[in-house]
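Colleague: predicted model and sequence below, questions to follow.
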Amino acid sequence: MGSPDVNEQAPKHRDTLRMKGLRPVQIWVPDSRRPGFAAECRRQCQLVAQADMADRSVQHLLDEALEDLDGWTE
């Protein structure tokens with residue numbers, strides 16, 4: 001008994017997902033393996049943190065959004 005052929009299973013899986021109302025999309029994301037990626041992440045996080053500290057309404061907005069998530073995972 002051999003393992004199922006991926007070339008046969010993949011189209012069936014995609015069809016099943018399409019029947020559930022989903023569609024495939026392609027997105028491009030930064031390459032996390034690239035040199036300097038971690039340093040750039042730190043730099044951007046620090047900028048966001050500084051901006052958040054300067055504007056306390058951001059925390060209020062995030063708190064309200066968090067309360068609005070009830071029921072999304074059910």
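Modeller: Thanks, I have it.

Colleague: biggest helix in this structure, by residue count?
Modeller: helix 37-54 (DSSP state H).

Colleague: what mean pLDDT does it have?
Modeller: Helix 37-54 shows a mean pLDDT of 93.

Colleague: who touches that helix?
Modeller: Around helix 37-54, the neighbours that count as contacts under Cβ atoms under 8 Å, 6 or more residues apart in numbering are 30-31, 58-59. Using the backbone N, CA and C atoms, a C-beta is placed for each residue, glycine as well.

Colleague: again, only using 6 Å
Modeller: Applying Cβ atoms under 6 Å, 6 or more residues apart in numbering, the external contacts of helix 37-54 come out as Val58.

Colleague: how about the next helix or strand after that helix: buried residues?
Modeller: Using DSSP states H and E, the helix or strand that directly follows helix 37-54 along the chain is helix 57-67. By 16 or more other Cβ atoms under 10 Å, helix 57-67 has no buried positions at all.

Colleague: average model confidence for the host helix or strand of Gln9?
Modeller: Using DSSP H and E, Gln9 maps to helix 6-19. Averaging pLDDT along helix 6-19 yields 90.

Colleague: next, Ile27: secondary structure please.
Modeller: Put simply, Ile27 is coil when judged by DSSP: H, G, I helix; E, B strand; the rest coil.
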